[in-house]
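> return atomic coordinates for the entry below.
(one chain, ligands or ions: 4)
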Amino acid sequence: SQLERDFRLAISREQLICHYQPILNATDMSIAAIEVLVRWEHPKRGLVSPAEFISVAEHTGQVVEMSNQVFSMALASLADWEAKGLWPRSAKIALNVSALQLARDILIGQLKSMGDRYTFSFSNVEIEITESMLMQDAEESARILESVREMGLSISIDDFGTGYSSLNYLRRLPINVLKIDRSFVKDIGHDRSDEQIINATIDLAHNLNLKVVSEGVETETQMAFLKDAGSDYLQGFHLSKPLSRSAMEEWLESES
Ligand code: G
Ligand code: G
Ligand code: MN
Ligand code: NA
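Ligands and ions are numbered 1, 2, ... in the order given. Modelled structure (predicted):
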């Protein structure tokens, strides 16, 4: 397709960039994590969202080279921020992982080669995977996640509540964080059942010794509800939009 050909150029001409969205501690609003979000700087169309190209890139396998570039940019930034003394204590840089990286078992190799290229601590890195990715091959996923954890990274489950996790997997897999999908956060203040789902999810997570990120926080009302419900971390436009690398670095400078 045209998109596939264009995207090939995007990769070879290095038109992909990373934006960085802070995830804040609900208690003191300090930075708990920074999620890396890829964008395509298209010569004619401007910044293109991954919503437009990830599924094609996944289908064609281009997502592998894309994630090499994204991991490389993000972990070079992490190395730089650590070296400058800007990295907040116990903060994580959170990388989205695609289904293909797990299915082809290339994630570990990609991470190791980043560790060879840049000087950063893997304990400052988190990977985000979705429930549906885990369910595709539960035993194989478990094996890969164990290796990821052995390397020192943490693991979060993205878009939680939209897939079909069995509670048994949640208990058995080496997971650190659940990210409550923004579809549940959207109707806080209007939809009592979504509020109850959020309360139940936070209780469940805490009982399993997991931390909780609430995604898609766009209003003061949502933020107040989520703090009160015990969400450990908050992410969304109300706190910060995804930022350019330089804007993110300014924030880190102002906090350090
Ligand atoms: O940033 P935005 O809301 O446009 O992201 C849309 C989707 O693209 C989200 O599901 C997000 O997880 C995914 N995404 C963003 N960056 C990356 C990336 O670097 N790798 C992968 N695999 N997915 C990403
Ligand atoms: O699937 P994933 O959770 O990785 O998707 C992250 C996407 O969510 C990013 O593309 C980011 O731009 C988007 N996002 C971040 N905060 C908000 C928000 O408050 N509202 C909405 N609608 N999208 C958000
Ligand atoms: Mn994510
Ligand atoms: Na999400």
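> what residues does the chain have near ligand 3?
Residues of the chain found near ligand 3, taking CB under 5 Å from the ion as the criterion, are 96, 128, 158. Backbone N, C-alpha and C define where each C-beta goes, glycine included.
> I'd like the distance between the second one and Gln62.
Same thing as Glu128. Here Glu128 is placed at a distance of 20 Å from Gln62 (CB to CB, to the nearest Å).
> how about Ala200, secondary structure?
Assigned by DSSP: H, G, I helix; E, B strand; the rest coil, the conformation of Ala200 is helix.
> and for Phe237?
Counting by three-state DSSP, the backbone at Phe237 sits in coil.
> any idea how far ligand 3 is from it?
Noted for Phe237: a distance of 15 Å to ligand 3, by CB to the ion, to the nearest Å.
> wait, that residue touches Glu218, no?
Yes. When contacts are counted by CB atoms under 8 Å, Phe237 is listed as touching Glu218 (5.1 Å).
> ok now do Ala229, which residues does it touch?
Going by CB atoms under 8 Å, 6 or more residues apart in numbering, Ala229 touches 195, 198-199, 202.
> just the buried ones among these, please.
Buried by 16 or more other CB atoms under 10 Å: 195, 198, 202, out of the contacts of Ala229.
> quick one: stretch 153-168 to chain centroid distance?
On the basis of CA atoms, centre = their mean, to the nearest Å, stretch 153-168 sits 12 Å off its chain's mean C-alpha point.
> near ligand 4, which residues of the chain show up?
Residues of the chain lying close to ligand 4 (CB under 5 Å from the ion) are 158-159, 215.
> Phe237 and Glu218: which is more packed in?
Using other CB atoms under 10 Å as the criterion, Phe237 and Glu218 rank with Glu218 on top: 15 against 12.
> helix, strand, or coil at that one?
What three-state DSSP gives for Glu218 is coil.
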